[in-house]
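S.K.: Sequence first, predicted coordinates after that:
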Amino acid sequence: MYKVFVNQNVIILTDQLDFEDDLFFFPIKKIKLHHILKLFSKGITNRVYLHHSKPKKLLKHFKKKLDVVQAGGGIVWHENGNLLFILRKGKWDLPKGKVDKQETIEAAALREVEEETGVQNLKLGSFIQVTYHIFKRGLKYRLKETFWYEMHTDFSKELVPQTKENITKAVWKTPQETEKALQNTYPNIKLLLKNSKKVES
């Protein structure tokens, strides 16, 4: 099963038929993306299920519906136990960005974290998971496929938010402050941190 977020809405890709009594359960090969987005924009539902009997083909068929942008990002832990956040457009987020041509995803993740926050001395840790969300660029919708990695640092200098990317703050948050930040973030970030072994909520 995969979850693809559209702001606060979610598209669930599944091979299960347990949801067939749900009004918003469609075969993935037949449903049009604009139909799903219309359901969301009109507030008719905030959850849609797309089904295919073969789980390995779920993403393949979904990716045919829109262009895919690959990105890399980091869950960055300071040696003191604090977690790195950015504030972008009024929402707490984690640093991430698009993978450049001829660049590995790992290198992109490290570069983007540094560019968006000014943090240095990063050490790449383990791969955590991939998250998916749909965004609009101009008149076209795209799927962002973000590969997340755990990172560590002892960086103690001032953080510098990348303002040209609409980032207004780059800060370290304590576990207690992280809990509060999760009340004002995106569903995919909540899911990501929940799946990270050091964040329980």
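M.R.: Thanks, I have it.
S.K.: would you say residue 142 is within a strand?
M.R.: Yes - the assignment for residue 142 is a strand, going by DSSP: H, G, I helix; E, B strand; the rest coil.
S.K.: what about the residue lying closest to it once chain neighbours are set aside, how many neighbours?
M.R.: Nearest residue to residue 142, sequence neighbours excluded (C-beta to C-beta, 6 or more residues apart in numbering): residue 67, at 4.9 Å. Where you see a C-beta, it was placed from the backbone N, CA and C, and this is true even at glycine. Residue 67: 10 surrounding residues under other C-beta atoms under 10 Å.
S.K.: longest helix in the chain, by residue count?
M.R.: Longest among the helix segments of the chain by residue count, using DSSP state H, is helix 105-117.
S.K.: now the helices for this protein?
M.R.: Going by DSSP H, the chain shows helices at 33-41, 58-63, 105-117, 175-181, 187-195.
S.K.: what packs against the shortest one?
M.R.: Meaning helix 58-63. strand 2-6, strand 9-14 (3 or more C-beta pairs under 8 Å, 6 or more residues apart in numbering; DSSP states H and E).
S.K.: Spell out which strands sit alongside the first one in the sheet and which way each one runs.
M.R.: The one in question is strand 2-6. Taking DSSP bridges as the criterion, strand 2-6 pairs within the sheet with strand 9-14 (antiparallel), strand 123-137 (parallel).
S.K.: right, and residue 190 touches residue 184 too?
M.R.: No - judged on C-beta atoms under 8 Å, residue 190 makes no contact with residue 184 at a distance of 10.6 Å.
S.K.: buried set for stretch 2-18?
M.R.: Residues of stretch 2-18 classed as buried by neighbour count (16 or more other C-beta atoms under 10 Å): 3, 4, 5, 6, 9, 10, 11, 12, 13, 14.
S.K.: what does stretch 71-84 give?
M.R.: Neighbour counts over stretch 71-84 (16+ other C-beta under 10 Å) mark 71, 72, 73, 74, 75, 76, 77, 78, 82, 83, 84 as buried.
S.K.: Only C-alpha atoms, please: export that stretch in CSV.
M.R.: What follows is stretch 71-84, C-alpha atoms only, in CSV (Å, rounded to 0.1, in the frame of the first residue of the first chain):
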residue,chain,number,x,y,z
ALA,A,71,13.8,14.5,-4.5
GLY,A,72,16.0,13.8,-1.5
GLY,A,73,15.6,15.0,2.0
GLY,A,74,16.9,14.5,5.6
ILE,A,75,15.7,13.8,9.1
VAL,A,76,18.6,15.6,10.7
TRP,A,77,19.5,14.9,14.3
HIS,A,78,21.9,17.1,16.3
GLU,A,79,24.2,15.3,18.7
ASN,A,80,22.2,16.9,21.5
GLY,A,81,19.0,15.1,20.4
ASN,A,82,17.3,18.0,18.7
LEU,A,83,15.7,17.8,15.3
LEU,A,84,16.1,20.2,12.3
